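Student: take a look and give me a structure for this.
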Amino acid sequence: MDALSISTGPPEHPLLDFTTLLRQGLSELERIAGDQWTDFNAHDPGITLLEAMCYALSDLGYRTFHPIPDLLAEAGAGSATCLFTPAQALTCRAITQDDLRRIVLDVPGVKNAWIVRADGTSPPLRYDPAAKTISIDRDATPATNTEPVIPGGLWRVLVEKSDLQDIDASVLKRAVAERVYANRPLCEDFDDIVMLDPMPIAVRASVEIGETENGADVLLGIFERVGALISPSVGFLTLDQALARGFSTEEIFEGPPLTRGFVDPATLPQAERRVALHTSDIIHEIMNVPGVRAIRSIRLARAGDAVEEPWSLTLDETGAARLDATASNIELVKDRQPVVVDTAAVIRSYASRARTARLYPELAPLDRDLIPHPGQA
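Tutor: A predicted model of the protein is given here:
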């Protein structure tokens, strides 16, 4: 290793040479005040001021030519974080309903979540105007001289558990509760955290495809598009992906900081909770699959239910709908002849691709923040 040393030669720029600056200053003083100022020795107060000014100029020149990372660096292990990073300066605690939803979506094992206003408390509260008291209503028939109390600022958290991760519902509910209560807005509270039961949906249809199309590829495309419609999921972006899409730093780091990346703003509005499924929407998605020419018939049903709905299927508010590919029966027809497809292999491929696309692991701090290049203090 080469020994470190200070060069004895002149600096690269005259602004960094204290001796040269002092000599030029003395020459200028002699030119403009030589008749009245004759003492240019070091003990003169004016020369002391000139030396201080030359030192300040050389120090300013040093800072001007010095690399910015080195100027901002501090001694010690934290030299790279001497400034506030965007994740520290631009993010905030959960403020809005959308912020709370992002907090829940960031919990591993959550596929989707919704924050809705609670329409009351459980058990309900009653107010007695005469006694000016509030009590818990435990009777089936409330007293006539009381009135219901519906507190404001109560939220109910609806959570759809991921179908790709083996996690106990009670464990997931506890993790969601810890996250939302740590970010509870001022003067607001959570009435309940509801884990939605899976609601398998079966699609039974006859689809005509093109003569040159591969039946397995078409069926896989139908499963993917219909599955995304029935049970939309919210995607996450890495920092590099968000920057590549043209989002500004302020847009990327808006809201509470998350550990799984940044919620994709394109998927968030599309992942609203559905109260009904319409066959017209399913038809639209199937027709957008490459290779599909026409839909000959289509029915929707809950998996295991013999009752099929031709137009609209009402969804249970306590459940989260998702496509059951195994219970579905999608017949492909080519030139009026049924197409033989290994449906089991297609379903396995569908599940594998869904797992790859929707798993968003926790990112390292360096992958979800803009960290300045470290300098030398």
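
Student: for residue 196, grab the count of nearby residues.
Tutor: Using other Cβ atoms under 10 Å, residue 196 has 21 other residues around it. All C-beta atoms are positioned from the backbone trio N, CA, C, and that covers glycine.

Student: just the strands in this structure please.
Tutor: Secondary structure of the chain (DSSP state E): strands located at 110-117, 125-128, 133-136, 147-149, 154-161, 189-209, 236-237, 262-263, 276-278, 292-302, 312-314, 319-323, 329-334, 337-338.

Student: could I get those as TSV with mean pLDDT and distance to residue 68?
Tutor: Converted to TSV, the strands of the chain look like this (pLDDT from 0 to 100; distance: least, Cβ to Cβ, whole Å):
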stretch	mean pLDDT	distance to residue 68
strand 110-117	90	41
strand 125-128	82	60
strand 133-136	82	61
strand 147-149	80	60
strand 154-161	91	45
strand 189-209	91	46
strand 236-237	89	29
strand 262-263	90	27
strand 276-278	91	56
strand 292-302	92	57
strand 312-314	90	61
strand 319-323	90	51
strand 329-334	93	60
strand 337-338	90	69
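
Student: low-confidence ranges, the stretch 151-300 of the chain, go.
Tutor: When residues are selected by pLDDT under 70, those of the stretch 151-300 of the chain lie in 165.

Student: cutoff 90 now
Tutor: Within the stretch 151-300 of the chain, the ranges that satisfy pLDDT under 90 run 151-154, 161-169, 184-192, 197-198, 210-214, 228, 231-238, 261, 263-276.

Student: helices of that one, start to end?
Tutor: 169-182, 215-230, 239-244, 249-252, 279-287 (DSSP state H, counting those that start in this stretch).

Student: that older thread, export the strands of the chain to TSV and append columns for distance to residue 85.
Tutor: Formatted as TSV, the strands of the chain follow (distance: least, Cβ to Cβ, whole Å):
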stretch	distance to residue 85
strand 110-117	26
strand 125-128	45
strand 133-136	47
strand 147-149	46
strand 154-161	30
strand 189-209	31
strand 236-237	18
strand 262-263	14
strand 276-278	44
strand 292-302	48
strand 312-314	48
strand 319-323	36
strand 329-334	49
strand 337-338	59
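
Student: mind checking which of these is nearest residue 353?
Tutor: Shortest distance between residue 353 and these, using Cβ to Cβ, is found for strand 319-323: 13.4 Å.

Student: so which elements touch the closest one?
Tutor: Counting contacts by 3 or more Cβ pairs under 8 Å, 6 or more residues apart in numbering; DSSP states H and E, strand 319-323 packs against strand 189-209, helix 215-230.

Student: turn the ones you listed into JSON lines, columns for distance to residue 59.
Tutor: Below are these laid out as JSON lines (distance: least, Cβ to Cβ, whole Å):
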{"stretch": "strand 189-209", "distance to residue 59": "57"}
{"stretch": "helix 215-230", "distance to residue 59": "62"}
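
Student: tell me which of the ones you listed is the most buried.
Tutor: Greatest average neighbour count among those goes to helix 215-230 (a mean of 21), per mean count of other Cβ atoms under 10 Å.
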